[in-house]
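Chemist: Need the 3D shape of this:
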Amino acid sequence: MSFLLSIFKPIAYISLPVILARTAISSSPMGLYYFRRGLYLGCMTAVATFGIVVAATMSATGYRYDVNWVIARTFYALAGTVLNIKVEVEGEEHLLTKPAVLLSNHQSMLDILFVGRLMPKRTSIMAKKSLQYTPLGPFMIMSGAVFIDRGNNARAVRSLEAAGQLMKNRKISLWMYPEGTRHMSKEPELLPFKKGAFHLALQSGIPIVPIITENYWRIYQEGFFGTGVVKIRVLPPIPTEGLTANDVPELAERVRDQMLDALRDISVKVEPASAEEPRDLPPPTTSSDPALFSSPSNTKEEGTFSPHDVNPEQVLEARTSSVMSIASSDSNHREQRSEPSENGTETEEDEGMILVGRPT
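Modeler: Reported below is the predicted structural model:
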C-alpha cells in the first residue's frame, strides 16, 4: 500500500492544479481563447526549435527543399492533435504539379496549421531579402527560401526572373499569398490580389495552382478559438505559357474570381448583415377633440417634436444610408492602405506574402 501511495501521491499533487486551472479556464470564454492560443504558439515554438536541427541536417545531406515539408507535417500532427482541429482536402492531387506557383487565401496566423497539412515536397517560400539578416535568416537559407529584393522595380523584376529560373531548374514550387496581408471577416471575401505572383508565373511559364481554405470564422476569431473540421479545396492548375505581361491583370482577376467562387462554395453559409428595422411607432391617439385632427403646424409649438411626424420609411432610409456611408468609408480606407506600390517600395501589406506571418 505504501508503495502505491508513493506513486500516486505525486501524480495527485501534479494533477490537481492542472484540473483546477482547466476548470477555471473552461468557465471563461476569453480565458479559454488565450489558453488555446498559448498552446498554438507553444507548438510553433517547439517545432521551430526542432526545425533548426532538421534544417541543418537535411541541408547538409542534399534535401534542403524538403525541409519545409518535414517541418510542416510535424507542426500539423502536433498542433492539430493538441487543438483538435482537422482538415479535409479536396483536389489534393493537383499539388503534385511541379513546379508551380501555389496561391492561397490568407486569413490569420492559423493558416500555418493548414499549410502544415498541405505543404508538398520540394516546396519553398518567398521572403523579402532583408529577412536573410534576421534570426530567421539561417533557417530560411537552409530550407531553400527564395529571397526577393523588392527595393525597387528593376531589382524586383530581376529577382523574380532569377526565382523563376531556379524553380524551373530544380523543380521546386513556391507558396505565396496573393492578397498580400491577412484578412478575416464573418462573410467569405478576398482582398484585391497583388500582381507579383502572376508576373513570376508568366515570366517562367510556370502554372498556377489556387488553394482555398474555407472561411473559418466559426472556429477562430478575436476572442474565440474553437475546434472542428476545416475544408480546403485545391483547384486544377492554370497554365501560363504563351501569356505576356499585358495579360497579368486579366489573369489575376480570373484567378481571384475562381478562388472567391470556391471560397463561398465550401464555406459555411452566413446570412449577410442587414440594416436594423425601425421600431413600430404607436398608432395615433383617437379622440373627439377636433384640435387633434387639425394640421400639425397649427397644433404644435415651433421647435417641439411629435412622434407622429416620423415617417417609418424615412427612418429606414436614413439608417440604411448611414450604414452604407460607414461601410464605404471603411472600404475606401482599406483600399488606400492595401494599394500596392507602383515604385516597388515595401509596404506593411507586402509582408503578408511571407509564409511566416506575424501573430494576430
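Chemist: what about the stretch 251-360 of the chain, any weak spots by pLDDT?
Modeler: Residues of the stretch 251-360 of the chain meeting the criterion pLDDT under 70: 270-360.
Chemist: give me that answer again for 50
Modeler: Scanning the stretch 251-360 of the chain for pLDDT under 50 picks out 274-310, 312-313, 315-360.
Chemist: And the stretch 1-150 of the chain, by the same measure?
Modeler: Across the stretch 1-150 of the chain (using pLDDT under 50), nothing gets flagged, so there are no ranges to list.
Chemist: And the strands in it?
Modeler: 85-90, 101-104, 123-128, 146-148 (DSSP state E, counting those that start in this stretch).
Chemist: helix or strand right after the shortest one?
Modeler: Okay, so that is strand 146-148. helix 153-170 (DSSP states H and E).
Chemist: Report the buried residues of that next one.
Modeler: Residues of helix 153-170 classed as buried by neighbour count (16 or more other Cβ atoms under 10 Å): 156, 159-160, 163-164, 166-167. Glycine gets a C-beta too; all of them are placed from N, C-alpha and C.
Chemist: how far off strand 123-128 does it point, in degrees?
Modeler: 170 degrees (axes from the mean of the first three to the mean of the last three Cα atoms, to 10 degrees).
Chemist: residue contacts, Gln107?
Modeler: Neighbouring residues of Gln107 by Cβ atoms under 8 Å, 6 or more residues apart in numbering: 182-184, 213, 215-216.
Chemist: hmm, try it at 10 Å
Modeler: 114, 177, 179, 182-185, 188, 213-217, 220-221, 360 (Cβ atoms under 10 Å, 6 or more residues apart in numbering).
Chemist: Ser267 now?
Modeler: With Cβ under 10 Å, 6+ apart, Ser267 has these contacts: 187-189, 212-218, 231.
Chemist: try 6 Å
Modeler: Residues in contact with Ser267 (Cβ atoms under 6 Å, 6 or more residues apart in numbering) are 188, 214-215.
Chemist: Please apply the same query to Val230.
Modeler: Per Cβ under 6 Å, 6+ apart, neighbours of Val230: 87, 214, 216.
Chemist: Which positions within the longest helix that the chain contains qualify as buried?
Modeler: Using DSSP state H to define each element, the chain has its longest helix at helix 29-60. For helix 29-60, burial by neighbour count (16+ other Cβ under 10 Å) applies to 32-33, 35-37, 40, 43-44, 47, 51, 54-55, 58-59.
Chemist: Take the contacts of Val230 and lay them out in TSV including neighbour count and distance to Leu95.
Modeler: Supplementary listing: the contacts of Val230 in TSV, determined by neighbours: other Cβ atoms under 10 Å; distance: Cβ to Cβ, whole Å:
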residue	neighbour count	distance to Leu95
Val87	16	13
Glu214	24	17
Tyr216	23	20
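Chemist: want to throw these into TSV with distance to His94?
Modeler: Output for the contacts of Val230, formatted as TSV (distance: Cβ to Cβ, whole Å):
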residue	distance to His94
Val87	16
Glu214	17
Tyr216	21
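Chemist: related to what we said a few turns ago, just the contacts of Gln107: which are in helices?
Modeler: Counting by DSSP H, the contacts of Gln107 contribute Phe114 to helices.
Chemist: doesn't Gly164 make contact with Ser204?
Modeler: Yes: applying Cβ atoms under 6 Å, one finds Ser204 in contact with Gly164, separated by 2.9 Å.
Chemist: so what secondary structure elements neighbour the helix or strand hosting Pro210?
Modeler: Using DSSP H and E, Pro210 sits within strand 208-213. Judged by 3 or more Cβ pairs under 6 Å, 6 or more residues apart in numbering; DSSP states H and E, strand 208-213 is in contact with strand 101-104, strand 228-234, helix 248-266.
Chemist: Now do that strand and helix 248-266, the angle between them.
Modeler: 30 degrees.
Chemist: Report the buried residues of strand 208-213.
Modeler: Buried residues in strand 208-213 (16+ other Cβ under 10 Å): 208-213.
Chemist: Reformat the residues you listed as JSON lines; add pLDDT.
Modeler: Listed next are the buried residues of strand 208-213 as JSON lines, based on pLDDT from 0 to 100:
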{"residue": "Ile208", "pLDDT": "97"}
{"residue": "Val209", "pLDDT": "98"}
{"residue": "Pro210", "pLDDT": "98"}
{"residue": "Ile211", "pLDDT": "98"}
{"residue": "Ile212", "pLDDT": "98"}
{"residue": "Thr213", "pLDDT": "97"}
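Chemist: List just the nearest of those residues to Ile172.
Modeler: Val209 (13.4 Å; Cβ to Cβ).
Chemist: out of everything not next to it in sequence, what's closest to the closest one?
Modeler: Spatial nearest neighbour of Val209, excluding adjacent residues (Cβ to Cβ, 6 or more residues apart in numbering): Ala100 at 4.6 Å.
Chemist: what about that neighbour, neighbour count?
Modeler: Neighbourhood size, Ala100 [other Cβ atoms under 10 Å]: 24.
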